[in-house]
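Trainee: Build me a model:
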Amino acid sequence: MRNKSIFTVLPDGLFFGRAALLERIYKAAVDLSHPPCGIILKGPRWIGKTEILRRTHRELFWGQGFVVPLYYQFSETSRVDEFSGDFISEVIKQFLAFKRRDPEIARGQLTLTKLRGLLTDEGFMEAADLITAHLDARAVGEPAALLRNALRVVEVMTRETNSQVFLLLDDIGRAAAINLYKDGPGIMREIAAALKPLSFAASTGTGAISEGLSGEVCSETMEVSGLPGHEARAMIEELLRGYSLNFETEVVSTAAQRLSGNPFYIREIVRALSCGPGDALKTLKGFATLYVREITTGTLGSALGGQLSQCGHKGLRVLRALMMQRGPVGIDDLSERLGISTADMERTVLVLESLNLIRVNLGSLTCTSDPVVRDYIEYISNTGLLGKGIEETRTWMIRDVLKAGYSVPGRSVRQRFRQEIMDVIRAFDGEEVPERLFRVSAGGEVLEGTDKDSVLRLPTVTGSFAASAFEKYESGLPIVIAHGFAPGRFDASGEVLWLVGLKDSQTLINIGDVENFLRRSRILQREFCPARVIRWLVGQKGFSPEALQRLREDGPAYTSDAAALAAVKKLVNPVKDKTSGGPEPLRREFEMVLPPSRNAELVAVRGATEISSEMGFDEDSIGRIKTSVVEACINAFEHSGSPPSKVHLRFVADPESLTIYVSNPGFDFDGAFAAAPSSGGVDALPQKRGWGLELMRGLMDEVRFESLEGGTRLVLVKYLNAKGEDDDG
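Mentor: Numbering: from 1, shown residues only. Prediction:
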């Protein structure tokens, strides 16, 4: 019986990608050294929030003995008497089950009268009296008393059992629909007040609920999204193996992306596959046909229909209109465009927001639905609103899935090709290689005039990174930037910048590719102002004659094809990654000391930008890292215990993450960030620094404190493939 879950959970083999989140909630539950605080899990329906809370309950129930885990799932009832009786019953049963280490007590169907007898036998008389008072209030119909008793039961049981509790509240947003009085407001405010002295984890699907709770209690909101690409693929493949089904890796990648890494979608598609065409994931067409069938007339479509039935006709029209827009749309403009009255639009927006289908911000709406929900809405809109035939609609949907899926393998190939180039060029360290490898045209032919015995001395490269961070609105061949020095000349005059353009398709590099590369190279050269620039174009199949002629006209440039690149790679022997079975990737560390001068944090920002760009972070991630570094440095300077004092930063660049350590002698980060924004009193003003920790937690993947002699240091972590991101994207 040990380790058996009281509440239904998936088999361990079907649970993927949430280990770090589970561990974080578990540690928050058992850490009694800090004041009570909450974790709010916000995410769409079916993303796995319930599974996370129930597994946390199981770990707490069996893994320790001093914190009582209490799990409660809010139902769709709007009656306070139903909620209050159910809540009291669940809390007491789970307390007794934990104390006796008997999960059957929590599973049992025990009436309040029976529970009162058990409490009396245990000597918990105050809790028994609370049940008596509750039964009396229910008999005379006093809703306020019923709610008060329900919200007191945790406090009473905690006091009588002399224990700590950790609440796990599933779908807490439903409390907004439980009315104390007819047509009155929901009980969310009362729930929030009861949570203030307690540690808890709660799940919700709406931003409004999470923001409301955050404003009332000490809490941290964590977005729960689909599994990252590699974990979603692993889940699909594991399920397919369990059913002994065949598949192709590239088709699985397409499925993982189309299903947004949603565990529920993945399980339903594989289940449908096991009951039908077992080889549907061997071809792109097979997956497209199965997917469209499932979301139109299959089990997945039925589940989506049940969720979206609450939207009504007006809600579907609003969703479809938002899906056709790239950005936010004003509520008033949309109301006028669709001919929906202001009152109806307000009601519709509330329903759509509660279902986590839209985001409301400053009077504007944005569709937040995932691709599967969008496909289903498109289907019912075409067949219901526009009167199109089912087979006609399915045909166009399969076409769209095929078109989108076709680009997935291409992105994967491009990603691997770019990474291969970066690995090769990072290994340059003054080697001599045959120049003919950098002088090829089409089909591996060496350019005329190239001495077959001549050699090229490679630079000593300090690092390489994608140019995308410096090219916001550019398109064309991907460009990799590599910085280094001429062999043995480590001074300003020896600096050299390599600009490497890549074409991974099965066509020759043409004159248009060259024109685009040359123009962007000139812009990048002005950005970095090196002593010398080397341009290198690499095409899988080589170059057209016109492209080579254009390169000659503009000046010297190296040219290589895939075969020549492979030969260069073999000669310079770059460090292999983990998947190749070679040595471990290098771990690099950089240290920086900032003086207590004005705008010193900008120096740290520049260093963070260069390091994160070299590691391959995208523009958005680099911006988040820069903002977090600024916030950490400003706090370190402002709250130093012994001014004027320097701020120490250490950047640790691993193959998968960037870790930034920020410290200042005598500085206590806990104290600096302890002040939460004030919310009471006429004279209360927001504490700017009080928001710093929440800001950084929202920007970085991990934010934690580590104890040092005389203070603490702040640790910021950003992963190259963050939560919810596909590593092929």
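
Trainee: Domain-wise, how is the chain divided?
Mentor: Annotated domains of the chain cover 12-223, 304-388, 427-580, 588-719 [automatic domain parsing].

Trainee: Please tabulate those domains in CSV, including the columns mean pLDDT and distance to residue 248.
Mentor: The way it works is simple: take the backbone N, C-alpha and C, and place the C-beta from them, glycine included. Formatted as CSV, these follow (pLDDT from 0 to 100; distance: least, CB to CB, whole Å):
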stretch, mean pLDDT, distance to residue 248
domain 12-223, 89, 20
domain 304-388, 87, 21
domain 427-580, 82, 19
domain 588-719, 73, 27
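
Trainee: Reformat those domains into CSV and put distance to residue 421 next to each item.
Mentor: What follows is the domains of the chain, written out as CSV (distance: least, CB to CB, whole Å):
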stretch, distance to residue 421
domain 12-223, 30
domain 304-388, 31
domain 427-580, 5
domain 588-719, 12
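
Trainee: so which of those comes closest to residue 400?
Mentor: domain 304-388 (8.1 Å; CB to CB).

Trainee: That closest one: how far from the chain's middle?
Mentor: 24 Å (CA atoms, centre = their mean, to the nearest Å).

Trainee: got the end-to-end distance for that domain?
Mentor: 20 Å (CA to CA, to the nearest Å).

Trainee: about what we covered before: turn the domains of the chain into CSV, including distance to residue 231 and mean neighbour count.
Mentor: Formatted as CSV, those follow (distance: least, CB to CB, whole Å; neighbours: other CB atoms under 10 Å):
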stretch, distance to residue 231, mean neighbour count
domain 12-223, 4, 18
domain 304-388, 16, 16
domain 427-580, 16, 17
domain 588-719, 13, 17
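
Trainee: Check which helices and strands the host helix or strand of residue 550 sits against.
Mentor: Per DSSP states H and E, residue 550 falls inside helix 545-554. Using 3 or more CB pairs under 8 Å, 6 or more residues apart in numbering; DSSP states H and E as the contact test, the elements touching helix 545-554 are helix 511-528.

Trainee: follow-up on the earlier one: the inter-axis angle of the helix holding residue 550 versus helix 511-528?
Mentor: 30 degrees (axes from the mean of the first three to the mean of the last three CA atoms, to 10 degrees).

Trainee: Just after helix 545-554, pick out the following helix or strand.
Mentor: strand 558-561.

Trainee: Skipping adjacent residues, who's closest to residue 122 in space?
Mentor: residue 96 (7.2 Å; CB to CB, 6 or more residues apart in numbering).

Trainee: surely residue 544 meets residue 507?
Mentor: No - look at residue 544 against residue 507 with CB atoms under 8 Å: they stay out of range, at 9.0 Å.

Trainee: any idea how far residue 486 is from residue 496?
Mentor: 6 Å (CB to CB, to the nearest Å).

Trainee: any common contacting residues for these two?
Mentor: 459, 532 (CB atoms under 8 Å, 6 or more residues apart in numbering).

Trainee: Mind telling me what element the closest residue to residue 560 other than its chain neighbours is part of?
Mentor: Ranked by CB to CB, 6+ apart and with sequence neighbours excluded, the top spatial neighbour of residue 560 is residue 538, at 4.9 Å. Assigned by DSSP H and E, residue 538 belongs to strand 532-539.

Trainee: Now the terminal residues of stretch 648-658, how far apart.
Mentor: First residue to last in stretch 648-658 (CA to CA) measures 16 Å.

Trainee: wait, residue 501 sits on residue 538?
Mentor: Yes - contact criterion CB under 8 Å: residue 501 and residue 538 qualify, at 7.1 Å.

Trainee: between the two, what contacts are shared?
Mentor: Joint contacts of residue 501 and residue 538 (CB under 8 Å, 6+ apart) do not exist.

Trainee: Show me where the stretch 351-500 of the chain has its helices.
Mentor: 371-380, 390-426 (DSSP state H, counting those that start in this stretch).

Trainee: Quick one: closest of these to residue 603.
Mentor: Using CB to CB, these put helix 390-426 closest to residue 603, at 25.1 Å.

Trainee: List the strands paired with the strand holding residue 538, with their directions.
Mentor: strand 495-503 (parallel), strand 558-561 (parallel) (DSSP bridges).

Trainee: Contacts for it, please.
Mentor: Counting by CB under 8 Å, 6+ apart, residues outside strand 532-539 touching it are 421, 438, 459, 477, 486, 495-503, 508-509, 513-514, 517-518, 521, 525, 543, 551, 556-562, 565.

Trainee: now do stretch 347-367
Mentor: Residues contacting stretch 347-367 (CB under 8 Å, 6+ apart): 43-45, 173, 176, 205-208, 307-308, 310-312, 314-315, 318-319, 322-323, 325, 327-332, 334, 340, 368-369, 373-374.

Trainee: if I've got this straight, residue 327 is in a strand?
Mentor: No - applying DSSP: H, G, I helix; E, B strand; the rest coil, one finds residue 327 to be coil, outside a strand.

Trainee: Might one say that residue 137 is in contact with residue 150?
Mentor: No - using CB under 8 Å, residue 137 makes no contact with residue 150, being 10.2 Å away.

Trainee: Can you show me the helices along the stretch 101-250 of the chain?
Mentor: Going by DSSP H, counting those that start in this stretch, the stretch 101-250 of the chain shows helices at 103-107, 112-122, 125-140, 143-161, 188-195, 207-216, 229-242, 249-258.

Trainee: any chance of the ones you listed in a markdown table, plus distance to residue 57?
Mentor: Output for the helices of the stretch 101-250 of the chain, formatted as a markdown table (distance: least, CB to CB, whole Å):
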| stretch | distance to residue 57 |
| --- | --- |
| helix 103-107 | 10 |
| helix 112-122 | 20 |
| helix 125-140 | 21 |
| helix 143-161 | 15 |
| helix 188-195 | 17 |
| helix 207-216 | 20 |
| helix 229-242 | 22 |
| helix 249-258 | 29 |
